[in-house]
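Quick one, fold the following:
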Amino acid sequence: MLRYLEDKPAVNALFGSVVAARIHGEMLARLVDGRPTTEFANIADRGYF
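So this is what the prediction gives:
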């Protein structure tokens, strides 16, 4: 999943943070400023998720 997100330069240009997450909010991959990060959080409690 991380490789897929890294290969999308248009998405990374539009957003400072890009995340792939499971339906229950568990992050699978995260890019910040186009670079991978290992800081994963569960985002299920976010109102927009």
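
Where do the strands of the protein begin and end?
In the chain, the strands defined using DSSP state E lie at 17-21, 27-32, 35-36.

Identify the residues contacting the most centrally placed residue in the chain.
For the chain, the residue nearest the mean C-alpha position is Val19 (1.1 Å; CA atoms, centre = their mean). By CB atoms under 8 Å, 6 or more residues apart in numbering, the residues touching Val19 are Met27, Ala29, Arg30, Leu31, Ile43. In short, each C-beta sits where N, CA and C put it, glycine included.

Now render those as CSV, adding pLDDT and distance to Leu5.
Rendered in CSV, the data for the contacts of Val19 read as follows (pLDDT from 0 to 100; distance: CB to CB, whole Å):
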residue, pLDDT, distance to Leu5
Met27, 94, 11
Ala29, 95, 6
Arg30, 95, 8
Leu31, 95, 5
Ile43, 92, 15
